[in-house]
Structure formats: C-alpha cells, structure tokens
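Q: Return a 3D structure for these sequence lines:
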Amino acid sequence: MASTFDALLDAALKLPDDKRGELATRLLRSLEPVDREVASAQEWEAHWSAELDRRVREIRDGSVELIEGDDVLTELRDIAERP
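A: Numbering: from 1, shown residues only. Sure, this is the predicted structure:
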C-alpha cells in the first residue's frame, strides 16, 4: 500500500505544468514565517531570481554536490515513512 506521501506525490506529478507550478509556489510560500507580511509577486520573483543565481554559481564553482533527484525522493520517502 502506498504511503500518503507517495500518493500525494503521484497525484501532484500528474497535474499539468501550470498547476504543478502553482502547487509548488503555494507549498514554498507556506514555509514563510507567519510573523512576516506576504511578499508581493515582484519581491517573490526578485528573491527567487537571486537565489537561483546563487545556486547556479555554486554548481559552476563546484562548492556544492549535486544529488540525483531519484536519490532525494527515496530519502524523502524514507523520512516520511518513519514513525
């Protein structure tokens, strides 16, 4: 029997690209501290643009280790299934 996480992930991956993007955005925004005001669309875009630039630099200069997506998903499933 698939775990709730697996079922949710499978359902999310079947969504059209635009809906998956909207879901990802909402999930990321749910991680923002509740004591902060919600960022405007422009602030959100600027923040993530800067973050993506930083991450690309780290990949190019070799200061971070890239991990295969399947390995990450396996680890997340293992974590989600722990009691």
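Q: Quick one: low-confidence residue ranges for this protein.
A: Regions of the chain meeting the criterion pLDDT under 70 cover residues 1-2, 33-38.
Q: which residues sit against the lengthiest helix in it?
A: Looking across the chain with DSSP state H, the single longest helix is helix 41-61. The contact list for helix 41-61 (CB atoms under 8 Å, 6 or more residues apart in numbering) reads 29, 39, 64, 66. Where you see a C-beta, it was placed from the backbone N, CA and C, and this is true even at glycine.
Q: so who does the second one touch?
A: For Ala39, the contacting residues are 32, 47, by CB under 8 Å, 6+ apart.
Q: Now do the same for it: helix, strand or coil?
A: Put simply, Ala39 is coil when judged by DSSP: H, G, I helix; E, B strand; the rest coil.
Q: so where does Leu9 fall, helix or strand?
A: Per DSSP states H and E, Leu9 falls inside helix 4-13.
Q: still on that earlier bit, put together CSV for the contacts of helix 41-61, with secondary structure and distance to Phe5 on each row.
A: What follows is those, written out as CSV (DSSP: H, G, I helix; E, B strand; the rest coil; distance: CB to CB, whole Å):
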residue, secondary structure, distance to Phe5
Arg29, helix, 20
Ala39, coil, 28
Val64, coil, 26
Leu66, coil, 23
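Q: Of those residues - the most surrounded one?
A: Counting neighbours by other CB atoms under 10 Å, Ala39 leads the contacts of helix 41-61 with 14 neighbours.
Q: re earlier: present the contacts of helix 41-61 as TSV; the columns should include distance to Asp18.
A: Converted to TSV, those look like this (distance: CB to CB, whole Å):
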residue	distance to Asp18
Arg29	17
Ala39	21
Val64	29
Leu66	27
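Q: Show me the two of these that sit farthest apart.
A: By the measure CB to CB, Ala39 and Leu66 form the most distant pair in the contacts of helix 41-61, at 28.1 Å.
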